[in-house]
Structures are given as structure tokens and as C-alpha cells.
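K.L.:
quick one, fold the following:
(one chain, ligands or ions: 1)
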Amino acid sequence: MLETAFTRLVGCSVPIQLAGMGSINGPELTAAVSEAGAFGQITFAGTLPKDAEARMNRIEELTSKPFGVNLIMPFFDPAILRMVIPRARVVDFFWGEPDVRLIDQVHAGGALASWQVGSIREAINAEKAGCDFIIAQGIEAGGHIRGRLSLLPLLSAVLDAVSVPVLAAGGIGTARSVAAVLFAGAAGARVGTRFIAAEESNAHPEYVRALIAARAEDAVETTRFEVDCPMCPSQHRVLRSALEAAEALPDRPLGEIDISGERYPIARFQGTVVSKQVEGRIDAMACYAGQSVGGVRRVQSAGEIVAELAGGAEALLARLAVAQVAP
Ligand SMILES: Cc1cc2nc3c(=O)[nH]c(=O)nc-3n(C[C@H](O)[C@H](O)[C@H](O)COP(=O)(O)O)c2cc1C
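P.N.:
The predicted structure follows:
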């Protein structure tokens, strides 16, 4: 058992958190990760309050284990925050200055609050604002990249700068990397890309196939997928194949997305996450991927992914403990 300050705080048994990943994280993936003993999260960003409520209901049907709700500040909706606080164990924020009023509101409703940060300064501010734990995101991460430091320099400095538990995020897709950040002092790992290929994920199957075919060096940083994205201009990490395919196409819509029964066009270089609700030139859309993509080899259940990462990390750390006492 890999018990840490994070597992004790949130009430899970494995120090792995499912990263917020927009509409990739449906209720099924969130619940499956929590059921496996790790900490599932769902993201509401640009989600209609009635849809958010239906997804919360569905998670609660699927699991009675604790889970979190991830909110992105440029999409912030106070009605959704009010609805989720009494039902989520953690409300997790990203992409904005840590805000003491929001943290106080979360605490007053009985939930824990966390903030994913990209710099040492932002980590210190998140602790000052009252966060119960912090997630340090290195530039190896898939999706939008908050800061400019690689994970290990950021994690080391953040661990020295704050006293709340710190999770590590960015490029973690193998048991070795989970073990490495735990050994460095992180209270857990936040894992995104690896779970896109979970059976329960809401990612488009063509996107999943492209992730499986990719190696770590095929996840590249760009600023190009900025159309219709309130988090942009910003750095984000995507598959090189998607960037190159989009560059080669004429500047016309690449397909459509279905949102609550309405269809909307997807422009070239639009930042929209490639979910099952999207159709068209999937290969040229925003196929976000972290350097952890090298660990994505096949479609597996979320439970298998959690067991592989946690079991493998535990075995590696146990080996180290034995090495320390050996003559
Ligand atoms: C497809 C995708 C979508 C993402 N969307 C979000 C999001 O909605 N909210 C959020 O806090 N982070 C988001 N992120 C970033 C993750 O929280 C996390 O930092 C990242 O996945 C860690 O790197 P990894 O993908 O190598 O595991 C996203 C990442 C990916 C890959």
C-alpha cells in the first residue's frame, strides 16, 4: 500500500490522481479511476449546468468512492461551483491566480480545494490562498502548459517552498516515473495522457490510435491550437502528427462537434478536445499529448492502468528500501 499525505487527505488508497482533461473525462472514467483506488476527477469547462448536474448524478450512480471536480478559471461558472461543492471531495482549479474567496467558499461547503500550478510563485500563492494541496505541472505535460519549468526542477523547488502536500504532473505515464516523483517527495502523481487510452475514456478512438502509435518525442509544444480557446495564447503540447496535418490543410472547418444535440463546426487549429462527440479530420485536430505518451501502448481498463502504475511503483520503491539496508 502506497499511503501518502494525499491518500489520507482525500480518502483514496493509491497516490494517483486522474488529471482534469476536459470532455475526455466522462463520468465513466472518473468513476472507474476512483473505483480502482486512485482519485478520479471530472472537468466542467464550458459545460451547461444541467449537463454538469447529470454527469455528477451518473458518477454517484457508478461509485460511492471520493472524486474531484476540476474547473478551469477562464470557463468559471459560479452556478456549477455551488452545485459541485457539496458533492465533490475536492474542487480542483487550473489556469488563474489562486483565489482566496473561491477556496473559502469550497471549504465552507465542506470540500477540499487544490490548484494546479506552473511556477514556484504560483505554488506559494496557492498555499497562501488556503489550498489543501497543490499540483506542480511541468512542461512535459499534455494539454495546456502553465509554466516554463520541467517537472523535476519545479517539483523540487515547490516541495521546498510550501508545506501542504504536492502532487507531480507532466510526463508521468509509467510506474518508474510514479516511483521517481514519490521518492522525490511528491504525495502523488497526476496522470493525464495515459488515461486517454482507458476503455472508459470519452476520447475519439482515432485519437487513441494516434497516441498508441506515438513515442515520447512525438509530443511537441506549440501555440498553434488557439482558435476559440480562452486559455490562449499559450503553450500546449500535442501530437506532432496533428500539428503537421493541420499545417498542411487549407483554412476551412475540419469537422463538427455535437454539444447537447446541437452541432457546431470545428475550425482548423481550434483548441477543442477530441472527444467521441467530434467527427471529421480527427488526425488534424488538437490531439493533446504529454511526453508520457510513450507509456501509452494499448487500450486498457482504467483499473489496469492504476494497478500497473501503483503496483509497479510500489515494487520499485520496495527494491530501493531493500537496497538501503543491504550490506
Ligand atoms: C487531453 C488533455 C486535456 C487536458 N485538459 C485539462 C483540463 O481540462 N483541466 C486541467 O486542469 N488540466 C488539463 N490538462 C492538463 C492536465 O491537468 C495535466 O497537467 C497533464 O495531463 C499532465 O501531463 P500528462 O498528460 O503527461 O500526464 C489536460 C491534459 C490533456 C492531455
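
K.L.:
for residue 320, what are its contacts?
P.N.:
residue 183 (C-beta atoms under 8 Å, 6 or more residues apart in numbering). Just so you know, the C-beta spots here come from the backbone N, C-alpha and C atoms, and that holds for glycine as well.

K.L.:
and it, its phi and psi?
P.N.:
When read as degrees, to the nearest 10, the backbone of residue 320 gives phi -60, psi -40.

K.L.:
from the ligand, how far off is it?
P.N.:
Residue 320 sits at a distance of 23 Å from the ligand (criterion: C-beta to the nearest ligand atom, to the nearest Å).

K.L.:
which residue packs closest to the residue of the stretch 51-200 of the chain found nearest the ligand, ignoring adjacent ones?
P.N.:
Using C-beta to the nearest ligand atom, the closest approach of the stretch 51-200 of the chain to the ligand is made by residue 192 at 2.1 Å. In this structure, residue 192 finds its nearest non-sequential neighbour in residue 19, 3.4 Å apart by C-beta to C-beta, 6 or more residues apart in numbering.

K.L.:
on that earlier part again, so what pLDDT did the residue of the stretch 51-200 of the chain closest to the ligand get?
P.N.:
pLDDT recorded at residue 192 is 98.

K.L.:
now swap in residue 326 and tell me
P.N.:
For residue 326, the predicted pLDDT is 63.

K.L.:
over to residue 75?
P.N.:
97.

K.L.:
which residue packs closest to it, ignoring adjacent ones?
P.N.:
Per C-beta to C-beta, 6+ apart, closest to residue 75 is residue 45, 4.1 Å.

K.L.:
any idea how far the one you found lies from residue 51?
P.N.:
12 Å (C-beta to C-beta, to the nearest Å).

K.L.:
the more surrounded of those two?
P.N.:
residue 45 (23 against 13; other C-beta atoms under 10 Å).

K.L.:
which residues touch the more buried one?
P.N.:
22, 71-72, 75.

K.L.:
what about it? Give its phi and psi, please.
P.N.:
When read as degrees, to the nearest 10, the backbone of residue 45 gives phi -140, psi 110.

K.L.:
and what of the one 10 residues further on?
P.N.:
Backbone geometry at residue 55, expressed as degrees, to the nearest 10, gives phi -70, psi -40.

K.L.:
residues near it, how many?
P.N.:
21.

K.L.:
got the contact list for the residue nearest to residue 192?
P.N.:
41, 70, 143, 169, 190-192, 195.
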